[in-house]
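Asker: Any chance you could fold what I've pasted below:
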Amino acid sequence: MAEIDVVVEDDRWDDAGLAVLSRKAGAAVLAWLDMEADLCVMGCDDARIAALNADFRDKPTPTNVLSWPAAEHVARAPGAHPPRPPGDELGDIAISYDTCRREAEAQGKAFDAHVTHLLVHAMLHLAGYDHLDDKDAETMEAAERSILMTLGIDDPYQEKVT
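Answerer: Numbering: from 1, shown residues only. Below is the predicted model:
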């Protein structure tokens, strides 16, 4: 059975239900991938994620989510689904409350739906998906849509008509 550890560094994540959102997203992603694996999600603020972004990506600015896969990803043809990662550990994710809140409000999205989408996105990165070119982005976005649909969350890439 997969274990999804949740570490909360910013108490606002407790009120937002990060543990529940992470476990629901994780269960949906792992079911879609047809695998069992452990992962860890850390809920933090903009200051912490900016420091991580600086340390690991040389970008000293906040971002919404970061991910660190447990296994090296193998090369594949553009647009192809990556092979299942080896082992029983997917990796680690950090997610910033401040950036997620700002983005959800700016995009007119429910906070929990936006956070769930970002968690699914990051978990797919852990599994080897990326969006470095258009074909890979299409494959990854299709995977996200499929997974989010099982959670009752609307397509995050479809522009809302008002």
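Asker: For the residue nearest to Lys59 when sequence neighbours are not counted, grab the count of nearby residues.
Answerer: Closest residue in space to Lys59, ignoring its immediate chain neighbours: Asn53 at 4.8 Å, by CB to CB, 6 or more residues apart in numbering. For glycine as for every other residue, the C-beta is placed from the backbone atoms N, C-alpha and C. Counted with other CB atoms under 10 Å, the neighbours of Asn53 add up to 19.
Asker: in this structure, which spans are strands?
Answerer: Counting by DSSP state E, the chain has strands at residues 4-8, 38-44, 65-69, 89-96.
Asker: how about those, which one is nearest Trp32?
Answerer: Proximity to Trp32, assessed across the strands of the chain by CB to CB, is greatest for strand 89-96 (12.9 Å).
Asker: quick one on the thing from earlier: so can I have CSV of the strands of the chain showing mean neighbour count and mean pLDDT?
Answerer: As requested, those are exported to CSV (neighbours: other CB atoms under 10 Å; pLDDT from 0 to 100):
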stretch, mean neighbour count, mean pLDDT
strand 4-8, 17, 97
strand 38-44, 23, 98
strand 65-69, 19, 98
strand 89-96, 24, 97
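Asker: would you list those strands in JSON lines and tack on distance to Met140?
Answerer: As requested, the strands of the chain are exported to JSON lines (distance: least, CB to CB, whole Å):
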{"stretch": "strand 4-8", "distance to Met140": "21"}
{"stretch": "strand 38-44", "distance to Met140": "17"}
{"stretch": "strand 65-69", "distance to Met140": "12"}
{"stretch": "strand 89-96", "distance to Met140": "15"}
